[in-house]
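Chemist: after the sequence you'll find the predicted model.
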Amino acid sequence: QGIMDRIPARQKAHMVQPQVVQGKLYEGCGFLPDPGEVVFQDFTVGQTYEKTVTLTNVSRSFNVFKVQALPAKIMDCIEVRNIPQSLMSAGLSTKVTIVFTPKENVDIDTHLPFLAKTGPFTIPVKCRMKRTVIDLSTKHIVFDSVVVAETAKQTLVIKNDGALATKVSVQGDVLNAIRMTHTIPDGTATKPVLSIRPSDKLNGLFVPAFGSLSLTFIFTPNEPCSMETSIFLAFDAASNIDDQVVFLSGTAVDVPIFVEKNQQMDFQCIYDGTLYRDKFSVRNTTKSSVNIRPEVPALLRGMIEFV
């Protein structure tokens, strides 16, 4: 065993002494740190951060501590600063400053060693690099029973709860779906059945740190149809986020209110002053009730009524 390896052991043997007060041996931790754990969150390489820790003598008598040699893996990025104290009475406190200057973008979990007259103690330290933390508002976008020629919209919110911004690209089968078109009712042009906003750029969309990005999906069918597709959200490699998948489905139905069977009422030969009746059924294909109001053509007003 080398000389340098034997120095900490010699220091401990020289400094640590049993503390006996009123005939009772104190065996607990000599100093209590506040906070109990030091966390450097969302650090940037090259910057310097400082945290202050209060150490309180919680033993039953006089006590003192010394900072021990730091582990080799953190010696070049963590420093402990304190003004050496003489013997401290029970209940007294002092402060130490922990200085962190990250040299590389990696997490650190370590313990800073101290040696008191009552024995060794440590202060836990955690250093966390910036991360991207993605949360999607939904994994399923559903356009249910959209009436032909009407427009429905759904919004997907990509939320970043982390301190590291990222970029996302929209990929997958949805790129084929947005190319599908329907002819508008007057037959003069075609329009996309599904579109995405913003539409000018689906690659490299920016998701800010502690912010969000909204994608709006617009379903505008001009004929009855059904659609099922998937949306792949591919994130920037630097954010170390797995691709996310969102499923989209849509159904377009014809006009929901229609007259069943007879589309024409034919009273054939009629006589003036005679009452004639016919009936027809109006059907509603939606899941909710709908109010309708039949209108009599101007030419037949006063001769026909709906009851």
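Modeler: Received it, and whenever you're ready, just let me know what you need. In this text, all values refer to a predicted model and were calculated from it rather than measured experimentally.
Chemist: all contacts plus neighbour counts: C-alpha atoms, from now on.
Modeler: Fine.
Chemist: per-residue pLDDT of I7, please?
Modeler: For I7, the model assigns a pLDDT of 46.
Chemist: kindly state the beta-bridge partners for the residue nearest the centre of the chain.
Modeler: Geometric centre of the chain, nearest residue: D135, 2.4 Å, by C-alpha atoms, centre = their mean. Counting by DSSP bridges, D135 is bridged to K159.
Chemist: can you show me the strands along the stretch 101-250 of the chain?
Modeler: For the stretch 101-250 of the chain, the strands defined by DSSP state E, counting those that start in this stretch cover 108-116, 119-129, 134-136, 140-147, 152-160, 166-171, 181-183, 190-192, 194-197, 205-207, 212-219, 225-235, 244-253.
Chemist: show me how far the second one is from its chain's centre.
Modeler: This means strand 119-129. Computed by C-alpha atoms, centre = their mean, to the nearest Å, the separation of strand 119-129 from the middle of its chain amounts to 29 Å.
Chemist: and stretch 266-277, by the same measure?
Modeler: The answer for stretch 266-277 is 69 Å, by C-alpha atoms, centre = their mean.
Chemist: list the residues that contact the spatially closest residue to V146 that is not a sequence neighbour.
Modeler: Sequence neighbours aside, A252 is the residue nearest to V146 in space, at 4.7 Å (criterion: C-alpha to C-alpha, 6 or more residues apart in numbering). Counting by C-alpha atoms under 8 Å, 6 or more residues apart in numbering, A252 touches 144-148, 221, 223-226.
Chemist: circling back: got TSV for the strands of the stretch 101-250 of the chain, with mean pLDDT and distance to S61 too?
Modeler: TSV is the format used below for the strands of the stretch 101-250 of the chain (pLDDT from 0 to 100; distance: least, C-alpha to C-alpha, whole Å):
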stretch	mean pLDDT	distance to S61
strand 108-116	96	12
strand 119-129	96	14
strand 134-136	97	52
strand 140-147	93	65
strand 152-160	97	51
strand 166-171	96	55
strand 181-183	90	84
strand 190-192	91	81
strand 194-197	95	70
strand 205-207	96	56
strand 212-219	97	55
strand 225-235	96	58
strand 244-253	95	59
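Chemist: could those be laid out in CSV, adding distance to V39?
Modeler: Below are those laid out as CSV (distance: least, C-alpha to C-alpha, whole Å):
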stretch, distance to V39
strand 108-116, 9
strand 119-129, 5
strand 134-136, 22
strand 140-147, 37
strand 152-160, 21
strand 166-171, 24
strand 181-183, 55
strand 190-192, 52
strand 194-197, 40
strand 205-207, 26
strand 212-219, 26
strand 225-235, 28
strand 244-253, 30
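Chemist: and V290, which of the ones you listed is closest to it?
Modeler: strand 140-147 (13.9 Å; C-alpha to C-alpha).
Chemist: pull up the pairing partners for the closest one, direction included.
Modeler: strand 244-253 (parallel).
Chemist: and A116, how far from K24?
Modeler: Look at A116 and K24: by C-alpha to C-alpha, to the nearest Å, they are 18 Å apart.
Chemist: burial check on M129, number of neighbours?
Modeler: Neighbours of M129 under the rule other C-alpha atoms under 10 Å: 18.
Chemist: tell me the contacts of it?
Modeler: Contacts of M129 (C-alpha under 8 Å, 6+ apart): 41-44, 105-107.
Chemist: ok, what's across the strand from the closest residue to L25 other than its chain neighbours?
Modeler: Leaving out its chain neighbours, the residue that sits closest to L25 by C-alpha to C-alpha, 6+ apart is Q19, at 5.8 Å. On the basis of DSSP bridges, Q19 is bridged to Y26.
Chemist: begin at 7, not 1, for the rest of this chat.
Modeler: New numbering, starting at 7: the last item is Q25.
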